[in-house]
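Colleague: structure for this input, please:
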Amino acid sequence: MGTDDHQKYCYLCEDSLEGIFSAIYRAYEDRHGHKANEIRIRETGFNQELFCEYISVETDFDRALKVARTVQRDISRPAYELIQRSAASCFPEKADAIYRFVQYGLTAGERIMECLTLPFVLTLYDIDKNVYNEIYHWKEFLRFQELADGSLFARINPKSNLLPWLAEHFSDRYSGEDWVIADTVHRTVLFHRKGQGCLYATMEEVDFDELSLQYSEEEKDMQKLWKLFVDTIAIKERTNRNLQRQLLPLWFRKYMKEYE
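Modeller: Here you go, the predicted model:
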């Protein structure tokens, strides 16, 4: 079913991979023609346009799973992984770029990964690079604190929803520990039990910044020693704030004790 040159359809979806895939399924189902369609994240602010019908799409996990299987089967597994990481980013343009990527990919197959002249492919690669960099930084900067019960707890405030990509790294590094990593921005959590795998959960009702944590005595002593060390080793005359911000951007410092 076609459409005139002026009518546009904008599908509004949840900010998640499942939400974007649900909108893609709906766009194909409605058959307005891909040129007339656009997919946007519902929570993103934007100015409404004339001659545009806004369609709110509820997340449907069955439909999202069908799109996921189609992408892996008819495009490639690496293409699906690129979409996964891009969908976890904080960039609102990801939704329509993923839609275009899937649309063209179902025709081009795995060759879509090499079509760097297509703007939406470049957009996804740029977004993916940003997510990769943030994952790398949090692997380096994340700080665990020992609680009174002997478990480890860490808070992070990432721009992207990247906890799933930290699971393997910290499960391997702290396999013999009970630990929790809480994403205070997206209200998600990784739980790990010693010798076992991770459990990823959403806890929207919990404000992780307001949690009252009981530290172990060793942790309290270590925090004092660490602050003293940082204060003592610093040479005031050689302080270079700009270089510090390049190596350790301000938004990574929120839960670092030496910056409190």
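Colleague: which stretches of the protein form helices?
Modeller: 17-30, 61-74, 77-87, 94-108, 119-141, 167-173, 217-233, 241-247 (DSSP state H).
Colleague: Provide a list of residues in contact with Phe170.
Modeller: Neighbouring residues of Phe170 by CB atoms under 8 Å, 6 or more residues apart in numbering: 142, 179, 181, 190, 192. All C-beta spots, glycine's among them, are computed from the backbone N, C-alpha and C.
Colleague: do a quick rundown of the strands in the stretch 151-260 of the chain.
Modeller: For the stretch 151-260 of the chain, the strands defined by DSSP state E, counting those that start in this stretch occupy 152-156, 179-183, 188-192, 198-202.
Colleague: tell me which of the ones you listed sits most buried.
Modeller: Neighbour counts (mean count of other CB atoms under 10 Å) averaged over each of the strands of the stretch 151-260 of the chain peak at strand 179-183, with a mean of 21.
Colleague: neighbouring strands - and their directions - for it?
Modeller: strand 152-156 (parallel), strand 188-192 (antiparallel) (DSSP bridges).
Colleague: run the chain-centre distance for that strand.
Modeller: 15 Å (CA atoms, centre = their mean, to the nearest Å).
Colleague: show residues contacting it.
Modeller: With contacts defined as CB under 8 Å, 6+ apart, strand 179-183 is touched by 142, 144, 151-158, 161, 163, 166, 170, 188-192, 208.
Colleague: and if you look at stretch 7-22?
Modeller: Taking CB under 8 Å, 6+ apart as the rule, stretch 7-22 contacts 3, 23, 26-27, 30, 32, 36-44, 49, 51-61, 63-64, 67-68, 83-84, 87-88, 94-95, 98-99.
Colleague: neighbours of Ser212, how many?
Modeller: Residues near Ser212, counting by other CB atoms under 10 Å, number 4.
Colleague: against Leu147, how distant is it?
Modeller: For Ser212, the distance to Leu147 equals 11 Å [CB to CB, to the nearest Å].
Colleague: contacts only, for Leu147.
Modeller: 153, 213-216, 219.
Colleague: out of the residues you listed, which end up buried?
Modeller: Buried members of the contacts of Leu147, scored by 16 or more other CB atoms under 10 Å, are 153, 219.
Colleague: from the contacts of Leu147, pick the one nearest Pro249.
Modeller: Nearest to Pro249 among the contacts of Leu147, counting by CB to CB, is Phe153 at 22.9 Å.
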